[in-house]
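K.L.:
Return atomic coordinates for the entry below.
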Amino acid sequence: MEMSQKPTCRLIRSSKTYHGKQGFDYAEAISAESANSQAICMHKLTIPPGGRAKAHLHENHETAIYMLQGKSAMWYGEKLELHMELEEGDFLYIPAGMPHLPYNPSETESCTAILARTDPNEQESVTLLPELDRLKP
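P.N.:
You can find the predicted model right below:
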């Protein structure tokens, strides 16, 4: 009879990056792929000056963000009709299924955030919304 392996603590040294469907490069961190996590994914995102994601949502999964450095902004809502700006030290909650389009409004400074989602897989719950991309320059 085969015994299943018990979960254990894992240290992830963020030395690799991956390109997400949203159009950004993410620092590899905690996920089902890297740590065998069951209900959470966490990674670091640095948005270059003027960088912008593709409009998207995370179906059935919530997102929490902590702004480490710089400022970012985000269009959100069913038609991306709502807007907010985040500053260093701010926390942001995005409910499951909420369309959003984050970007870096600065043309000279990058911004960095820590993101956590209730989906352990890094990219599986990402649904691109190209019809909304056309709504914002």
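K.L.:
where does the residue most central in space within the chain land in three-state SS?
P.N.:
The residue lying closest to the centre of the chain (CA atoms, centre = their mean) is Leu115, at 5.2 Å. State at Leu115, reduced to three classes by DSSP: H, G, I helix; E, B strand; the rest coil: strand.
K.L.:
Nearest spatial neighbour of it, chain-adjacent residues omitted?
P.N.:
Ile65 (5.2 Å; CB to CB, 6 or more residues apart in numbering). Just so you know, the C-beta spots here come from the backbone N, C-alpha and C atoms, and that holds for glycine as well.
K.L.:
element containing the one you found, please.
P.N.:
Assigned by DSSP states H and E, Ile65 falls within strand 63-69.
K.L.:
I'd like to know which elements that strand is packed against.
P.N.:
Here strand 63-69 touches strand 91-94, strand 111-117, going by 3 or more CB pairs under 8 Å, 6 or more residues apart in numbering; DSSP states H and E.
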